[in-house]
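*Asks:* Sequence and predicted structure, then a few things I'm wondering about:
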Amino acid sequence: MKRPVQITGSALLCARGATPQAVAQALWDGECSSQMRPLGERSFPFFALPLDDTDWMTRAEQAVRRVVAQLGPLAPETPLFIASSSYQIGHFEQQARAGQLDMPPASASFSRQIADWAGLSGPCSSISNACISGFSAIDAARSLIAGGRIDEAIVLGIELANDSTLAGFAAMELLARRSCRPFAPQRDGLVLGEAVSAIRLSAAPGRWRIAGLRTGIDAYSTTGPDPDGGPIARLAVDCLNEAEMKPADIELLKLQAAGSPGTDLAEANALRRIFGNAVPPLISFKPSFGHTLGASGIAELATLMACLDGEKIPATPGFSQTDPEIGLQLMVDRNNAYVERAMLNLVGFGGGLATMIIERQA
């Protein structure tokens, strides 16, 4: 049994807005401002959620409840798949500073807490494999729906601020000093951000169908992909084959493009392998609301669908000059194109790769 899997709802809270539609409008308007987050004697640009409370767990509850409310009524038994690269690390940090650290039996206990906030009592799965966590969670839910094991699922990505992640990226000199500038010659690293986002997957009809989804591993290095882009390209071709599409069928490509000098170059080399001289229009959302790590796949998917539904394709902030080594240009002018098929790329820390193709339904 293999059924089509549709996306029948989406929800999002990030630095740019409190719904996918609000975020799409903010991107259309060119909003990309960020704050600075201190870390010891240094500070880095950061995209924080618009929440006033400073208690980590209270912020998490507020964010999850606001996102789940956007999905409409949910049957309590709906399966829940949760994606994150850090889960409740920020909560542990706050407890440790207060001398009240209370470790749970497993970090996955946070997923049960999220399910309670969402009013869901069905099966709950936790998935954490760095930046591709979101697409891995979608793939797990999609497989069960396609196989007829379940009819519907909620896939939720959550990534909230914590010093451990920021310090880890800072120690490896992977963070930008001022802003995220993907594919630009001045790019100097990532800008991290917070997001909580969710999609509703179903065997019932929806506006968008997951035409293809592939995940894989690039074993070249633990900190970066193969510079020639071969593994990224092979995975994307596998995804095209599953979707029964040709490269020319892709009308828009949402890149990983986080502003990393090495990863951006590898992704660009992969695009040339896939598309030759006919690379489709390219866009990156990370200059607008940051790299939201384990939540990024779901947050960027929700954003992309809202942009496409509104026929408002934003430009990518921070890009004005082509890097001769990359040789590809991101969209610098917004437009009202009607897009039926789009590809989304993720390249994760530790070698994780993921590509998804979505197709508009009549």
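*Replies:* Looks like it arrived, so ask away.

*Asks:* Bridge partners for the residue nearest to residue 254 when sequence neighbours are not counted, pull those for me.
*Replies:* Of all residues not flanking residue 254 in the chain, residue 344 sits nearest, at 4.5 Å (Cβ to Cβ, 6 or more residues apart in numbering). Bear in mind the C-beta positions are built from the backbone N, C-alpha and C, glycine included. Beta-bridge pairing of residue 344 under DSSP bridges involves residue 254, residue 356.

*Asks:* which residues of the stretch 151-300 of the chain score low on pLDDT?
*Replies:* Residue ranges of the stretch 151-300 of the chain with pLDDT under 70: none are present.

*Asks:* Kindly recompute the last result at 90.
*Replies:* Across the stretch 151-300 of the chain, the ranges flagged by pLDDT under 90 are 221-224.

*Asks:* quick one: contacts for the residue nearest to residue 254?
*Replies:* Listed by Cβ atoms under 8 Å, 6 or more residues apart in numbering, the contact partners of residue 344 are 135, 253-254, 297, 300-301, 304, 355-358.

*Asks:* Also residue 169?
*Replies:* Residues in contact with residue 169 (Cβ under 8 Å, 6+ apart) are 175, 190, 192.

*Asks:* just the buried members of the contacts of residue 344?
*Replies:* Neighbour counting with 16 or more other Cβ atoms under 10 Å marks 135, 253-254, 297, 300-301, 304, 355-358 as buried within the contacts of residue 344.

*Asks:* Leaving aside the residues adjacent along the chain, what's closest to the spatially most central residue of the chain?
*Replies:* Closest to where the C-alpha atoms of the chain average out (Cα atoms, centre = their mean) is residue 296, at 1.8 Å. Leaving aside its sequence neighbours, residue 296 sits nearest to residue 131 (Cβ to Cβ, 6+ apart; 5.9 Å).

*Asks:* and which of the contacts of residue 344 is nearest residue 46?
*Replies:* The closest of the contacts of residue 344 to residue 46 turns out to be residue 300 (Cβ to Cβ; 17.6 Å).

*Asks:* The closest one and residue 283 touch, don't they?
*Replies:* No. Look at residue 300 against residue 283 with Cβ atoms under 8 Å: they stay out of range, at 9.7 Å.

*Asks:* if I look at the two, which residues touch both of them?
*Replies:* residue 254.

*Asks:* what about residue 15, how many residues close to it?
*Replies:* For residue 15, the count of nearby residues is 23 (other Cβ atoms under 10 Å).

*Asks:* Excluding chain neighbours, what is closest to residue 120?
*Replies:* Spatial nearest neighbour of residue 120, chain neighbours left out: residue 80 (5.0 Å); criterion: Cβ to Cβ, 6+ apart.

*Asks:* Mind listing what's buried along the helix or strand where residue 272 lies?
*Replies:* According to DSSP states H and E, residue 272 maps onto helix 261-275. Under the neighbour-count criterion of 16+ other Cβ under 10 Å, helix 261-275 has 263-272, 274-275 buried.

*Asks:* cool, stretch 53-68 as well?
*Replies:* 56-57, 59-64, 66-68.

*Asks:* Output it in PDB with nothing but the alpha carbons.
*Replies:* C-alpha atoms of stretch 53-68 as PDB (Å, rounded to 0.1, in the frame of the first residue of the first chain):
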ATOM      1  CA  ASP A  53       8.800  35.800  29.400                       C
ATOM      2  CA  THR A  54      12.300  34.800  30.400                       C
ATOM      3  CA  ASP A  55      11.600  31.400  31.900                       C
ATOM      4  CA  TRP A  56      12.700  28.900  29.300                       C
ATOM      5  CA  MET A  57       9.900  26.300  29.900                       C
ATOM      6  CA  THR A  58       7.200  29.000  30.100                       C
ATOM      7  CA  ARG A  59       8.400  30.400  26.700                       C
ATOM      8  CA  ALA A  60       8.300  26.900  25.300                       C
ATOM      9  CA  GLU A  61       4.700  26.300  26.500                       C
ATOM     10  CA  GLN A  62       3.600  29.600  25.100                       C
ATOM     11  CA  ALA A  63       5.200  29.000  21.800                       C
ATOM     12  CA  VAL A  64       3.800  25.400  21.400                       C
ATOM     13  CA  ARG A  65       0.300  26.400  22.400                       C
ATOM     14  CA  ARG A  66       0.300  29.300  19.900                       C
ATOM     15  CA  VAL A  67       1.500  27.100  17.100                       C
ATOM     16  CA  VAL A  68      -0.800  24.200  17.800                       C
END
